[in-house]
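A.B. asks: Provided below for reference: sequence and predicted model.
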Amino acid sequence: MNAPAILIAFPKGRLGDELVPLLAGTPLALDAQALKSRVLRIPTATPGVSALLLKGADLPRYVAAGVASLGIVGSDTLDEMDMDLLELADLGFGACRLSLCALAGVSLDELRAKPHLRLATKFPRATEAWLTREGLTAELVPLSSSAELAPLLGLADAIVDLVQTGGTLKAHGLVETAVLGRSSARLVAARGAYLSEPGRIRPLADTLIAALKGCG
């Protein structure tokens, strides 16, 4: 009986846009025709191995549940979740900063001095950890997107968000006032599959690492 297909969870969005070209010409290159369609399960150049295209916080859940044996996800997402995953490698690409950003002209000292600081973010765990390290308290305003609008419209005094080039910040009149941490793409594995089927899963992990590590 044929072994079941192996699924690898690949990210949609910013990381996915960087990932797909890096895989071109490798054994795990994604089928070009399938990529042009709306399907979310894409064959790779290796028979019996397919990619699942998933968003954000959904991706680690698919891997942790064993639906996908391997996955590629930003370390910022992993830091916000408590998932039973094996982190196999820092792949190096997709590097960005998790930064505190405020309107141009507003300094970090001014933010510190506010009696009721409000920070908009979709990274509450990382933000709370930074506030604790800095001895600060703040009201966190949860936002899943378009955080840059929050200081402009008075919803928050500043935001904590990922910054890659800074272009989006500049377009909204924002500047980085502090760097809380750094993020990059990580290769993760389902603990059960990786440990119970090393002959099938580990070679794929090695292929991904060889193709991607240091490409960023």
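C.D. replies: All right, it came through fine.

A.B. asks: strand partners (parallel or antiparallel) of the longest strand belonging to the chain?
C.D. replies: For the chain, the longest strand by residue count, based on DSSP state E, is strand 174-183. Strand 174-183 sits in its sheet next to strand 96-103 (antiparallel), going by DSSP bridges.

A.B. asks: next structured bit after the partner strand?
C.D. replies: Downstream of strand 96-103, the first helix or strand assigned by DSSP states H and E is helix 108-113.

A.B. asks: let me see the mean pLDDT of the helix or strand following that next one.
C.D. replies: The helix or strand immediately downstream of helix 108-113 is strand 118-121, counting by DSSP H and E. Strand 118-121 carries an average pLDDT of 98.

A.B. asks: go on, stretch 163-173?
C.D. replies: Averaged over stretch 163-173, pLDDT sits at 93.

A.B. asks: same thing with stretch 206-216?
C.D. replies: Model confidence over stretch 206-216, given as mean pLDDT, is 77.

A.B. asks: so how far is that stretch from its chain's centroid?
C.D. replies: Put simply, stretch 206-216 sits 17 Å off its chain's centre (CA atoms, centre = their mean, to the nearest Å).

A.B. asks: rewinding a little: got a list of contacts for the longest strand of the chain?
C.D. replies: The contact list for strand 174-183, computed with CB atoms under 8 Å, 6 or more residues apart in numbering, reads 74-76, 79, 94-104, 106-108, 111, 126-127, 130, 148, 151, 158-160, 162-163, 166, 169. Where C-beta positions appear, they are placed from N, C-alpha and C, glycine not excepted.

A.B. asks: for that strand, buried residues please.
C.D. replies: Within strand 174-183, the residues that count as buried by 16 or more other CB atoms under 10 Å are 174, 177, 178, 180, 181, 183.

A.B. asks: distance check, the fourth one against residue 204.
C.D. replies: To tie it back to what came earlier, the one meant is residue 180. Look at residue 180 and residue 204: by CB to CB, to the nearest Å, they are 33 Å apart.

A.B. asks: try residue 80
C.D. replies: 26 Å.

A.B. asks: same thing with residue 191?
C.D. replies: According to CB to CB, residue 191 stands 16 Å off from residue 204.
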